[in-house]
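J.: sequence-free structure coming up:
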């Protein structure tokens, strides 16, 4: 059966046939991870509040409960934000792969808006399935964790009785709606598909097309420059008042939003530099050109990993810089007990923020796999021209390495910058005992162990992300690929 006939018959396979499409399963997993993370965070917040109320010394510390709740909400917001970016990028890539089918439906009378509404409904279904699964898993983990904590810490049994409450549904609802909105945003390209594109295959925006988006590029540049200016202003204001961290916070939000919006302008130069480090062999050059030929696809793959690396490195550098500032302001000494407390808090934060990094990693694996599936004809042509299966696998592995190394380098730079700016703007004006020196200015303090963990995790991610795509790239024969 021809590929064109196959495209036309797809809508007749059933209302849930789209769930079998490659990429949907990973999107459900992303939604499930976000929902489960939110449920566990809220349950842990409730449990900690009960522990504080049961403690005779901390029973009146309502402020501490509020701080814990705010921290939980912020971490949940970060995870949902990363999941939304990953989901939007996934659906944008899926739409590029469905270009021919969408064009055929347009040819027989379907409107672009109806096609986009259908994709948005699929996003709602994906979000609902993943969120419900995450709600169940998160609830089970919360109950098990609370029982274990009560047993190990010798707490009263009633402390863990109230963690299951209606509020636990809130993360699942938030993830469902966010996934729906992300699918709608990722499918905006449906509006530009014309019936004439029925003769083509997967279509990604070229470098020239990306460069012509002047409105979006100018907005991204404006956000990036405004955010950078606010970061500098926040650091300077932090030498006078701790409120400088508020200015720096908005600077970080605006600058990273500008980076995400203009990723197609920022990531290609980084990818080009990384590509030069992989040598001049035929497969290395092919991998480098594939990463640069369609900057939109490469940027989608990279930006999620950039976010994950940035978050982990930011917290590690911020807490290490806090230790340095306290030591310098206090006259060169730092109590071992206080240092151990900060290190413990840092480890907990790394684990919690690591969930967002895992979500971003799932997105990379998903997008790389979809990209290989959509390039079957291209890979088949390479095989027909004499490129061996081993060379094709090496090319796909190098493409994954290009993306992850470029994302790692970008995330390390951003994480160090944001982490240092946060610590400096918060504590620059605060004097610490016993020397009570103020204002305090330090350069970024970079902890070695977390950096090595991030680099090692990125190397592992490269290998994992390339497993399925390399198998798919060599599974199809040249004749089958060229016949599609």
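T.: The structure has been received and is ready for your questions. Every value quoted in this text rests on a predicted model; they were computed, and no experiment measured them. Residues are numbered from 1 along each chain as shown.

J.: shaky segments in the stretch 101-250 of the chain?
T.: For the stretch 101-250 of the chain, applying pLDDT under 70 flags the ranges 157-160, 189, 191-213.

J.: which residues in it form helices?
T.: 112-153, 169-186, 207-211, 214-238, 244-261 (DSSP state H, counting those that start in this stretch).

J.: Just want the angle from the fourth one to helix 244-261.
T.: Pointing back at helix 214-238 there. Angle of helix 214-238 versus helix 244-261, following axes from the mean of the first three to the mean of the last three C-alpha atoms, to 10 degrees, is 160 degrees.

J.: Pull the residues that contact helix 214-238.
T.: With C-beta atoms under 8 Å, 6 or more residues apart in numbering as the test, helix 214-238 has contacts from 211, 243-259, 261-262, 265, 417, 421, 424-429. Every C-beta, even on glycine, is put in place using the N, C-alpha and C of the backbone.

J.: Off-centre distance for stretch 299-310?
T.: 6 Å (C-alpha atoms, centre = their mean, to the nearest Å).

J.: again with stretch 452-462
T.: 15 Å.

J.: and what of stretch 311-327?
T.: 22 Å.

J.: Ok, stretch 328-335 next?
T.: 37 Å.

J.: what about it, average pLDDT?
T.: The pLDDT scores in stretch 328-335 average 75.

J.: swap in stretch 344-360?
T.: Stretch 344-360 comes out with an average pLDDT of 75.

J.: now do stretch 462-470
T.: For stretch 462-470, mean pLDDT is 78.

J.: Pull out the buried residues from that stretch.
T.: For stretch 462-470, burial by neighbour count (16 or more other C-beta atoms under 10 Å) applies to 462, 465-466, 468-470.

J.: so where's the stretch 351-484 of the chain shaky on pLDDT?
T.: Within the stretch 351-484 of the chain, the segments meeting pLDDT under 70 span 374, 476, 478-484.

J.: Just want the phi and psi numbers for residue 330.
T.: Dihedral pair for residue 330: phi -90, psi 0, per degrees, to the nearest 10.

J.: ditto for residue 445
T.: Phi and psi for residue 445, reported as degrees, to the nearest 10, are phi -100, psi 120.

J.: tell me the contacts of residue 119?
T.: 91, 94-95, 183-184, 186-187, 190.

J.: Distance check, it against residue 370.
T.: Distance, residue 119 to residue 370, by C-beta to C-beta, to the nearest Å: 15 Å.

J.: Quick check: the farthest pair among the buried residues of stretch 462-470?
T.: 462 and 468 (13.1 Å; C-beta to C-beta).

J.: picking up where we left off before, the helices of the stretch 101-250 of the chain: which one's closest to residue 270?
T.: Residue 270 sits nearest to helix 244-261 of all the helices of the stretch 101-250 of the chain, at 11.4 Å, using C-beta to C-beta.

J.: Tell me where the stretch 301-450 of the chain has helices.
T.: Using DSSP H, counting those that start in this stretch, the helices of the stretch 301-450 of the chain run over 336-374, 376-384, 389-427, 448-475.
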